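>>> Build the 3D model from these lines:
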Amino acid sequence: MHVIRLARFLGWFSIGLGLMEIFGGRTLARKLGMSGRAKLIRGYGVREVANGVAILASPTSAPLLWARVGGDALDIATLLGTPSFGRRERANVKLALAAVAGVTLLDILCATRLSTDSDEELEYVPPYWQD
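Residues are numbered from 1 along each chain as shown. From the prediction side, this is the model:
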């Protein structure tokens, strides 16, 4: 998979996720046991949209992908600090954590690839991640 194609995918994914957080913040907060935190989730949505637009404007910029990794870390910290009271909310938080962890892995792989100057620095990266 070409890293630029992955970066563009992550940009579009970020925009889609951000729009969902902006327009569905209250519902998402309720399903995660974060009632009263809809504004926080909407704020995270604005961050996602802005980062996605920036990535699409410059898909070869490693710092923009590292910014996604930072946002993922913030999302994970928020989810880990969520006081989920019911069984359904706890299950939803676990599912959200798994999803964020998966996307974080893609973000790290893409950012790492964009941050390197030569393939010699990528000994631990599978060959199909190299251009």
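>>> Residue 69 is in contact with residue 108, correct?
Yes: with contacts counted by C-beta atoms under 8 Å, residue 108 reaches residue 69, the gap being 5.7 Å. C-beta coordinates here come from the backbone N, C-alpha and C atoms, glycine included.
>>> how much space between residue 94 and residue 101?
Distance, residue 94 to residue 101, by C-beta to C-beta, to the nearest Å: 11 Å.
>>> which sections of the chain are below the confidence cut-off?
1, 84, 117-131 (pLDDT under 70).
>>> which one of residue 108 and residue 69 has more residues nearby?
Using other C-beta atoms under 10 Å as the criterion, residue 108 and residue 69 rank with residue 69 on top: 18 against 15.
>>> The more buried one and residue 109 touch, don't they?
No: applying C-beta under 8 Å as the test, residue 69 and residue 109 come out as separate, 10.2 Å apart.
>>> Can you tell me the closest non-neighbouring residue to residue 3?
Sequence neighbours aside, residue 113 is the residue nearest to residue 3 in space, at 4.5 Å (criterion: C-beta to C-beta, 6 or more residues apart in numbering).
>>> Work out for me the element the one you found sits within.
helix 87-115 (DSSP states H and E).
>>> And residue 52, by the same measure?
Counting by DSSP H and E, the element that carries residue 52 is helix 38-57.
>>> gap between that helix and the chain center?
Centroid separation for helix 38-57 versus its chain: 10 Å, with C-alpha atoms, centre = their mean, to the nearest Å.
>>> helices or strands up against that helix?
Where contact means 3 or more C-beta pairs under 8 Å, 6 or more residues apart in numbering; DSSP states H and E, helix 38-57 is packed against helix 3-23, helix 25-31, helix 62-80.
>>> separation between residue 85 and residue 42?
22 Å.
>>> ok, those two, which is more surrounded?
More neighbours surround residue 42 than the other of residue 85 and residue 42, with 19 against 10 (other C-beta under 10 Å).
>>> Chain neighbours aside, what residue packs nearest to the more buried one?
residue 25 (4.1 Å).
>>> ok, residue 27 to residue 74 distance?
With distances taken as C-beta to C-beta, residue 27 is found 21 Å from residue 74.
>>> Alright, that wraps it up for me.
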